[in-house]
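K.L.:
quick one: sequence plus predicted model below, questions after.
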Amino acid sequence: MEIHYDRHHRAYFTNFLNAIKGTPLEGMAVSEIFASVSKQPDAVRNNGGGYYNHIFFWNNLAAKSAGPSADLTAALTKSFGSFDKFKEAFGTAAKTRFGSGWAWLYLNSDKNLAIGSTPNQDNPLMDISTVKGTPLLTLDVWEHAYYLKYQNKRADYIDAFWNVVNWEEVNKRYSASLK
Ligand code: MN3
């Protein structure tokens, strides 16, 4: 985690700042940049995504994991059948993302919960993403996220993720996304 945070994440942050330096993007919110990222150089897409996705990921981790709120539980049940089925579907999205990328729980434009994954450092706020909406929960499935501890066992890393999900944060994101 220390290497992930202090080296990988820092590199995206530094490279993102360098990529937007002296351009109009410097004055824009990152969500605005993502909304038209298809018109930007790859350095903005990849490093901007790497910068944002990691912050979003750290904030949905906590030492102690409670659970989804009553409202979020009801919505998860409506969309996926049950909380366990949601975990299974999210896990499948994380396991089946070929190569490097991210798994997401997000709110789609119909205000329904959906699960998907993005390649590389793309995310659901980007205009070029096939998975679009308001992100609520994410898991980094780049090898750098798990290789030191789990080696090639991505599935074990995904199972362990459920012990450290910061549901309080996800609950807040969910209520905010409905407004
Ligand atoms: Mn990472």
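P.N.:
Right, received. Where do you want to start? Residues are numbered from 1 along each chain as shown.

K.L.:
going by C-alpha atoms from here, please, whenever you check contacts or count neighbours.
P.N.:
Fine.

K.L.:
strands of the chain, start to end?
P.N.:
Secondary structure of the chain (DSSP state E): strands located at 101-107, 113-119, 134-140.

K.L.:
got the angle between the second one and strand 134-140?
P.N.:
In this structure, strand 113-119 runs at an angle of 50 degrees to strand 134-140, with axes from the mean of the first three to the mean of the last three Cα atoms, to 10 degrees as the basis.

K.L.:
for strand 113-119, which strands pair with it and how are they oriented?
P.N.:
strand 101-107 (antiparallel) (DSSP bridges).

K.L.:
could I get the CA-only coordinates of the partner strand as PDB?
P.N.:
C-alpha atoms of strand 101-107 as PDB (Å, rounded to 0.1, in the frame of the first residue of the first chain):
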ATOM      1  CA  GLY A 101      -8.000  -1.600 -15.000                       C
ATOM      2  CA  TRP A 102     -10.700  -0.900 -12.400                       C
ATOM      3  CA  ALA A 103     -14.000  -2.400 -11.300                       C
ATOM      4  CA  TRP A 104     -16.900   0.100 -10.500                       C
ATOM      5  CA  LEU A 105     -20.200   0.300  -8.900                       C
ATOM      6  CA  TYR A 106     -21.800   3.400 -10.300                       C
ATOM      7  CA  LEU A 107     -25.200   5.100 -10.800                       C
END
